[in-house]
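1. okay, here's the prediction I keep looking at, along with the sequence it came from:
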Amino acid sequence: MKYYNPNREDNYEIIRDNAIELFYRQGYAKTTLRQVAEASGIKHSTVLYYYKNKENLARFPLIRYFNGLNHYTQKILQSQNKSPAKTEEELFYLNRYLHNSLHYKWLSQDQSFSKYFIEFYYAAKDTFRVTIDDVEKIVFETEGRIVREKSTVKTGLVGDPLIQKQLIMQLTPHMDIMLVESLQDEQITYDQAAIFFTKSIFELRHHPFTEADDVLLQYSLEIGDQVEINLYEDILTRQEFDRICNT
């Protein structure tokens with residue numbers, strides 16, 4: 001743990017990083033702001049000066065995780081010499097499929113983080129959704145543009161793309177949590193979760209899943225099988241996270 005120093009300018013980060021470790025080790029439910037204060041060597045009121053509530057602090061493991069996942073996915077794809085993706089559009093989809101594959105593989109392997117992930121969702125669904133929306137905003141916007149350009153099928157949702165987007169954004173986190181819960185209970189494997197999630201999102205968008213898409217998805221699962229990572233050390237620990245994102 002790192003300790004707060006009133007003369008330092010990075011106290012905001014010190015409190016945040018201690019909170020990330022506690023949320024990871026204990027889960028969302030058992031972690032309190034008083035514990036974060038104790039770990040940082042400060043008063044409870046000082047934590048509240050920097051962060052207004054527990055939900056506000058609990059966003060950071062999620063932000064760091066998804067930012068790390070996005071960067072890590074892109075790094076892996078850049079290192080691939082042979083790829084079935086022939087166009088920029090296919091490369092984008094391959095990036096998305098690999099993102100899903102790694103997400104479910106890592107959460108199937110890391111019980112501590114998946115526990116926090118599930119608990120945070122059920123305790124603060126609105127904050128959870130907003131956080132994911134923040135860190136995934138660019139990806140979703142790009143994906144939405146590509147889908148709109150390719151799709152020739154009407155949404156069937158009163159012709160309003162905003163309604164369609166809101167429906168997808170409401171259903172996606174819930175579907176994700178259901179799959180992570182099934183992974184924790186060992187009811188499904190990570191590749192089954194990745195395939196189900198990917199194809200379900202396509203169906204929600206009334207976008208046909210083609211043979212080419214299936215090839216890209218299977219290729220992403222093959223890459224995922226080869227990737228070994230310690231989620232806490234490589235993504236949630238700040239120095240390792242920065243190293244991955246900046247190299």
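-> Looks like it came in fine.
2. tell me the confidence at the nearest residue to E181 once chain neighbours are set aside?
-> Spatial nearest neighbour of E181, excluding adjacent residues (Cβ to Cβ, 6 or more residues apart in numbering): I118 at 6.1 Å. From N, CA and C alone the C-beta is placed, and that goes for glycine too. pLDDT, I118: 97.
3. in what helix or strand does the residue positioned nearest the centre of the chain lie?
-> Centroid-nearest residue in the chain, with Cα atoms, centre = their mean: F66, separated by 3.5 Å. Using DSSP states H and E, the element containing F66 is helix 54-78.
4. mind giving me the packing neighbours of that helix?
-> helix 11-26, helix 33-40, helix 88-109, helix 111-123, helix 125-150, helix 238-246 (3 or more Cβ pairs under 8 Å, 6 or more residues apart in numbering; DSSP states H and E).
5. 6 Å instead, please
-> helix 11-26, helix 88-109, helix 125-150, helix 238-246 (3 or more Cβ pairs under 6 Å, 6 or more residues apart in numbering; DSSP states H and E).
6. can you get me a residue count around the nearest residue to the residue nearest to the centre of the chain once chain neighbours are set aside?
-> With Cβ to Cβ, 6+ apart as the criterion, F66 has its nearest non-adjacent residue at 4.3 Å, and that residue is V135. By the criterion of other Cβ atoms under 10 Å, V135 has 18 neighbours.
7. quick one: contacts for V135?
-> For V135, the contact set (Cβ atoms under 6 Å, 6 or more residues apart in numbering) comprises I63, F66, N67.
8. looking at it now. What's its pLDDT?
-> For V135, pLDDT reads 74.
9. ditto for E203
-> Predicted confidence (pLDDT) for E203: 81.
10. how close does it get to S220?
-> Remark: distance between E203 and S220 (Cβ to Cβ, to the nearest Å) = 18 Å.
11. again with Y93
-> Taking Cβ to Cβ, one finds Y93 at 9 Å from S220.
12. these two: which is more packed in?
-> Neighbour count, other Cβ under 10 Å: between Y93 and S220, S220 has more, with 28 against 21.
13. these two touch, right, the more buried one and S101?
-> Yes - counting by Cβ atoms under 6 Å, S220 does reach S101; the two are 4.7 Å apart.
14. I'd like the distance between L171 and A85.
-> 27 Å.
15. neighbour-wise, which of the two wins?
-> Taking neighbours as other Cβ under 10 Å, L171 and A85 compare with A85 leading, 19 against 13.
16. re earlier: the residue nearest to E181 - how many residues pack around it?
-> 20.
17. and for the residue lying closest to Q35 once chain neighbours are set aside, the neighbour number?
-> Using Cβ to Cβ, 6+ apart and skipping residues adjacent in sequence, the residue nearest Q35 is L22, 5.9 Å away. L22 has 24 neighbouring residues, counting by other Cβ under 10 Å.
18. surely L22 is in contact with T31?
-> Yes - the pair L22 and T31 qualifies as a contact (Cβ under 6 Å) at a distance of 4.6 Å.
19. tell me the mean pLDDT over stretch 214-229?
-> What stretch 214-229 shows for mean pLDDT is 94.
20. now the chain, which segments are flagged as low pLDDT?
-> Low-confidence segments of the chain, defined by pLDDT under 70: 1-9, 136-170, 206, 238-247.
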